[in-house]
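**Q** predicted model, plus sequence, below.
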Amino acid sequence: MHMVFKKFKFNPLTGGKGLFSANFLHRLAPKKTRFAAVDIGSREIKALEISTADGSPEVTAFGRLETPAGALGDVLDGEALINALNEVMLASGIEVKEVIATISGDRVITRHVKVPVMPEKELEAAVKFEAEKFIPLPLDELIIRYINLGEIDSGDEKKLNLLLAAVPTTFVYDYYSIFAGAGLVMAAIDLQPVCLWRVFSGWEASAAGDGTVGIMDIGASTTQFLVVDNGDLQFARTLPVGGNLLTRSLAENYGLEFDQAQRMKEEEGELLGSKEAVDYAAPGAMQMDFSLRDGLSELIREIRRSLEFYAVQENAPAIERFIISGGTSKLKGFREFFAEAMEVPVGFGNPGISGLPGDEQEEFPFDQAFAVVLGTALREVID
């Protein structure tokens, strides 16, 4: 399975297959030891650099900046994003100019398809045929790539489990222009589920370990849900919900503007745990708990729908535990709340790489909000 990912390059400029001349020159050039990644999320832009100069990956620089309001609308605000990229790269101290990027989950269409086992050279035609059935947009307006997740048993025959990914062509090249405007070369675009797989399973200090593990990365506007079975990525889905549901609930219950509610969630937000804690909680704490749970109800409904969809997949193993990441996972009491809702153990993933971004709270040795960008930076290290 790991070899499958080593072959996969989600690169809109080379078609994901690489160019002979580029590969040839790569072999002649000095081996790179510094790799940088940028994740432009709906709430924050994060940048991170990894060095392998000492043999093992080490995070040598990182930074974050609030995404400019309205910059990720239907039409990208190029000037605002260029300025923000310049600022975050300068503040982080990252000097590498060739970066790998991720695109917000709501911009990427992903679908699982199963096709008969066939030679790789025939997959392109099969993928196009399947994409026409599953993707509700004209294919000539999209860049489409796939990951071969390996063979699965399907009745009396084996099939290939493919993860298709499609991004609007115009959006990709607008992105490329924005990075170029900031003096950066966008070497590739990576898929967020694959980035999370690298962080929590692909990296040798695997947090996922053996068994079947669900990974939930809960961002501001979307949630990435993937299932890893004994180290192999089996399933991935993007949920159109995230921590903004909690923020909006706080805004409504407290009569605040969205930005004010966001600050309140980050600074004061806490979910009460046991019944005893609720019984003895102050009125203010109970109001906070009620407001957060009001927003969480919709999030949990969407997660359960995705779990039900996964469970009916052919030969889908039961999830034994969850790893949670993303900014929303850092909310006080969220891990306990999620474990109760899922009825299986839930923990935070720690990749165990030197220099990781930490968190002011001791319970977070690794700032879970950096999971996606860390996995993006690991792309060249693992692949």
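**A** It's in. Numbers count the residues shown, from 1 in each chain.

**Q** give me the most central residue, the protein.
**A** residue 192 (3.5 Å; C-alpha atoms, centre = their mean).

**Q** who touches that one in this structure?
**A** For residue 192, the contacting residues are 102, 105, 108, 217, 224, 238, 372, by C-beta atoms under 8 Å, 6 or more residues apart in numbering. C-beta coordinates here come from the backbone N, C-alpha and C atoms, glycine included.

**Q** which of these ranks first by neighbour count?
**A** With neighbours taken as other C-beta atoms under 10 Å, the top of those is residue 217, carrying 30 neighbours.

**Q** that one: what's it in contact with?
**A** By C-beta under 8 Å, 6+ apart, the neighbours of residue 217 are 192, 196, 223, 224, 324, 325, 326, 329, 371, 372.

**Q** just the ones of the residues you listed in helices?
**A** If you go by DSSP state H, the contacts of residue 217 have 192, 196, 371, 372 in helices.

**Q** excluding its backbone neighbours, what's nearest the third one?
**A** It refers to residue 371. residue 325 (3.9 Å; C-beta to C-beta, 6 or more residues apart in numbering).

**Q** what's across from the one you found in the sheet?
**A** residue 217 (DSSP bridges).

**Q** report the separation between it and residue 84.
**A** 23 Å (C-beta to C-beta, to the nearest Å).

**Q** for these two, indicate the residue with more neighbours.
**A** More crowded of residue 325 and residue 84, by other C-beta under 10 Å: residue 325, with 28 against 21.

**Q** so that one sits against residue 216, correct?
**A** Yes - if you go by C-beta atoms under 8 Å, residue 325 and residue 216 touch, sitting 7.4 Å apart.

**Q** residues touching residue 219, list them.
**A** By C-beta under 8 Å, 6+ apart, the contact list for residue 219 reads 41, 42, 43, 105, 242, 243, 326, 327, 328, 372.

**Q** ok, residue 296 touching residue 337?
**A** Yes - Residue 296 is within contact range of residue 337, at 7.0 Å (criterion: C-beta under 8 Å).

**Q** which neighbours do those two share?
**A** residue 271.

**Q** any low-confidence regions in the stretch 201-350 of the chain?
**A** 203-209, 274-281 (pLDDT under 70).

**Q** hmm, try it at 90
**A** In the predicted model of the stretch 201-350 of the chain, residues 201-211, 230-232, 272-286, 313-316, 349-350 satisfy pLDDT under 90.

**Q** show me where it has its strands.
**A** 212-218, 223-229, 232-239, 321-325, 346-348 (DSSP state E, counting those that start in this stretch).

**Q** check which helices and strands the third one is in contact with.
**A** So that's strand 232-239. Helices and strands touching strand 232-239, by 3 or more C-beta pairs under 8 Å, 6 or more residues apart in numbering; DSSP states H and E, are strand 109-116, strand 142-154, strand 157-168, helix 192-197, strand 223-229, helix 283-311.

**Q** okay, the ones you listed, which one's buried deepest?
**A** Among the helices and strands packed on strand 232-239, ranked by average contacts under mean count of other C-beta atoms under 10 Å, first place goes to helix 192-197 (a mean of 27).

**Q** in TSV: the contacts of residue 219, plus distance to residue 91.
**A** Shown next, in TSV, are the contacts of residue 219 (distance: C-beta to C-beta, whole Å):
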residue	distance to residue 91
41	17
42	20
43	17
105	25
242	25
243	23
326	22
327	19
328	24
372	19
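
**Q** out of the residues you listed, which end up buried?
**A** Burial by neighbour count, 16 or more other C-beta atoms under 10 Å: within these this picks out 41, 42, 43, 105, 242, 243, 326, 327, 328, 372.

**Q** my read: residue 92 touches residue 61, true?
**A** Yes - taking C-beta under 8 Å as the definition, residue 92 is a contact partner of residue 61 at 5.0 Å.

**Q** mutual contacts of those two, please.
**A** Common neighbours of residue 92 and residue 61 (C-beta under 8 Å, 6+ apart) are 47, 48, 49.

**Q** quick one: the second one and residue 86, what's the gap?
**A** Using C-beta to C-beta, residue 48 is found at 16 Å from residue 86.

**Q** then residue 193?
**A** 29 Å.

**Q** and what of residue 181?
**A** Applying C-beta to C-beta to residue 181 and residue 86 gives a distance of 9 Å.

**Q** which one among the shared contacts of residue 92 and residue 61 gets closest to residue 353?
**A** Top of the list for closeness to residue 353, among the shared contacts of residue 92 and residue 61 and by C-beta to C-beta, is residue 48 at 10.6 Å.
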